[in-house]
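S.K.: Let's see this in three dimensions:
(one chain, ligands or ions: 1)
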Amino acid sequence: GGFTKTGDWLDWYDGPTRPSFKLPPGAIGAHCHVFGPGEKFPYAPERKYTPCDASKEQLFALRDHLGFTRNVIVQGTCHSVDNRALMDACLASNGRARGIATVRRTVTNEELQALHKAGVRGVRFNFVKRLVDFMPKEDLREIAARVAKLGWHVVIYFEAEDLPELWDFFTSLPTTIVVDHMGRPDVSKSVDGPEFALFLKFMRDYKNVWSKVTCPERTSKTGPRALNGEEVAYTDVIPFARRLVEEFPDRVLWGTDWPHPNLKSHMPDDGLLVDWIPHIAPTEELQYKLLVENPMRLYWPESGQD
Ligand SMILES: O=C(O)/C=C(\C=C(/O)C(=O)O)C(=O)O
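M.R.: Below is the predicted model:
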């Protein structure tokens with residue numbers, strides 16, 4: 001167990017525990033990354049951080065160790081618009097991985113077709129300042145309109161305080177929208193406060209908006225071990241994730257976010273992250289929607305059955 005440190009942030013947790021929570025058959029980890037390996041898939045010169053290498057083989061081994069059947073792999077900003085590592089992992093997965101790519105408006109139709117053939121089903125728009133220099137909104141609108149024709153959706157990553165200014169842009173997108181990490185709520189504020197109320201309004205008023213109830217380790221102030229000694233991790237994030245699961249049971253997704261880029265305070269044991277799921281999805285029905293039905297409908301619709 002434990003972690004080593006390369007570059008400017010912690011490496012992923014080596015030797016994760018086997019979860020005590022039994023994932024339902026067909027469970028899908030709907031947010032993770034592959035990084036490099038750098039000598040085969042070089043990191044983008046314009047990146048704002050250099051990750052540790054995190055290969056498809058290591059991702060698939062973790063998938064099997066935790067008990068997932070499929071993965072959705074999300075392009076990391078450290079690879080920018082070079083989706084080769086993502087495509088390589090999806091193609092190597094025997095249909096068990098789908099991808100979310102990053103593209104510029106100059107992407108050709110042939111490139112989009114190749115991405116689709118590899119298993120890509122969406123693009124990611126990132127509004128986190130420490131990760132990227134933003135693309136112009138008109139570029140993003142054009143990309144969204146083009147990928148909508150492929151049946152793809154748009155994954156958005158932003159910080160809660162930026163939702164008001166991004167509201168008009170987000171609510172004008174023509175596709176399904178999947179929000180990364182609940183829009184990073186400030187969990188020191190009340191779950192019934194005005195800040196999270198805006199996010200709830202986003203999902204209540206726009207039925208095409210989904211959210212990943214992920215990354216408690218990025219927003220929690222109580223940290224990996226509750227200060228109250230309950231031994232439940234990230235207790236301050238549970239009310240936010242649970243509210244979304246219970247109010248929007250058909251529009252939530254979950255994933256480990258392995259290999260957890262840019263974490264500095266600690267590195268979560270992925271097995272313990274899986275054990276967090278029953279705290280936010282307290283019934284078998286909610287767990288099955290979160291982990292199987294919803295991601296299957298969005299990423300493997302052709303498979304019909306779960
Ligand atoms: O892995 C995550 O989803 C979160 C982060 C990084 C990225 O998403 C990325 O570089 O693409 C972060 O918050 O640093």
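S.K.: How about the residues of the stretch 101-250 of the chain by the ligand?
M.R.: 131, 157, 180, 218 (C-beta under 6 Å from any ligand atom). Using the backbone N, CA and C atoms, a C-beta is placed for each residue, glycine as well.
S.K.: May I ask you to confirm that the second one is in contact with residue 125?
M.R.: This points to residue 157. Yes: assessed by C-beta atoms under 8 Å, residue 157 is found in contact with residue 125 at 7.5 Å.
S.K.: And those two? Which one has more around it.
M.R.: Legend: neighbour count by other C-beta atoms under 10 Å for residue 157 and residue 125, higher for residue 125 (23 against 20).
S.K.: That one pairs with what?
M.R.: residue 156 (DSSP bridges).
S.K.: contacting residues around it?
M.R.: 135, 140, 154, 155, 156, 157 (C-beta atoms under 8 Å, 6 or more residues apart in numbering).
S.K.: and the gap between it and the ligand?
M.R.: Remark: distance between residue 125 and the ligand (C-beta to the nearest ligand atom, to the nearest Å) = 11 Å.
S.K.: Would you mind measuring from that residue to residue 205?
M.R.: According to C-beta to C-beta, to the nearest Å, residue 125 stands 20 Å off from residue 205.
S.K.: Please apply the same query to residue 259.
M.R.: Distance of residue 259 to residue 205, given as C-beta to C-beta: 35 Å.
S.K.: and the two? which has more neighbours close in?
M.R.: residue 259 (25 against 9).
S.K.: Please identify the helix or strand for the residue nearest to residue 137 when sequence neighbours are not counted.
M.R.: Counting by C-beta to C-beta, 6 or more residues apart in numbering, residue 137 lies nearest to residue 169, which is 5.6 Å off, once chain neighbours are set aside. According to DSSP states H and E, residue 169 maps onto helix 163-171.
S.K.: Going by neighbour count, which of the contacts of residue 125 comes out on top?
M.R.: Most surrounded of the contacts of residue 125: other C-beta under 10 Å gives residue 155, at 27 neighbours.
S.K.: you'd agree residue 295 is up against residue 69?
M.R.: No: counting by C-beta under 8 Å, residue 295 does not reach residue 69; the two are 10.1 Å apart.
S.K.: higher neighbour count, those two?
M.R.: residue 295 (28 against 17).
S.K.: Tell me which other helices or strands the strand or helix carrying that one touches.
M.R.: Taking DSSP H and E as the criterion, the element that holds residue 295 is helix 294-299. Under the contact definition 3 or more C-beta pairs under 8 Å, 6 or more residues apart in numbering; DSSP states H and E, helix 294-299 sits against strand 28-32, strand 70-74, strand 252-253.
S.K.: mind giving me TSV with the ones you listed and columns for distance to residue 146 and mean pLDDT?
M.R.: Formatted as TSV, the helices and strands packed on helix 294-299 follow (distance: least, C-beta to C-beta, whole Å; pLDDT from 0 to 100):
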stretch	distance to residue 146	mean pLDDT
strand 28-32	23	99
strand 70-74	19	99
strand 252-253	24	99
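S.K.: Can you show me the strands along the stretch 51-200 of the chain?
M.R.: 70-74, 97-101, 120-126, 153-157, 177-179 (DSSP state E, counting those that start in this stretch).
S.K.: where does this protein have low pLDDT?
M.R.: Within the chain, the stretches with pLDDT under 70 are 1-8, 226-230, 304-306.
S.K.: how about a cut-off of 50?
M.R.: Along the chain, the parts satisfying pLDDT under 50 run over 1-2, 306.
S.K.: Just give me the residue right at the centre of the chain.
M.R.: residue 31 (3.4 Å; C-alpha atoms, centre = their mean).
S.K.: Residue 257 is in contact with that residue, correct?
M.R.: Yes: counting by C-beta under 8 Å, residue 31 touches residue 257, with 5.5 Å between them.
S.K.: Show me whatever sits in contact with both of these two.
M.R.: residue 214.
S.K.: In the stretch 101-250 of the chain, what residue lies closest to the ligand?
M.R.: Relative to the ligand, the nearest point of the stretch 101-250 of the chain is residue 131 (5.1 Å; C-beta to the nearest ligand atom).
S.K.: Neighbours of residue 123, how many?
M.R.: 28.
S.K.: how about the nearest residue to the residue nearest to the centre of the chain, chain neighbours excluded?
M.R.: residue 255 is the one closest to residue 31 (C-beta to C-beta, 6+ apart), at 3.0 Å.
S.K.: what do you get for residue 234?
M.R.: residue 216 (3.6 Å).
S.K.: List the contacts of that neighbour.
M.R.: Here residue 216 is in contact with 233, 234, 237, 238, 241, 273, 276 (C-beta under 8 Å, 6+ apart).
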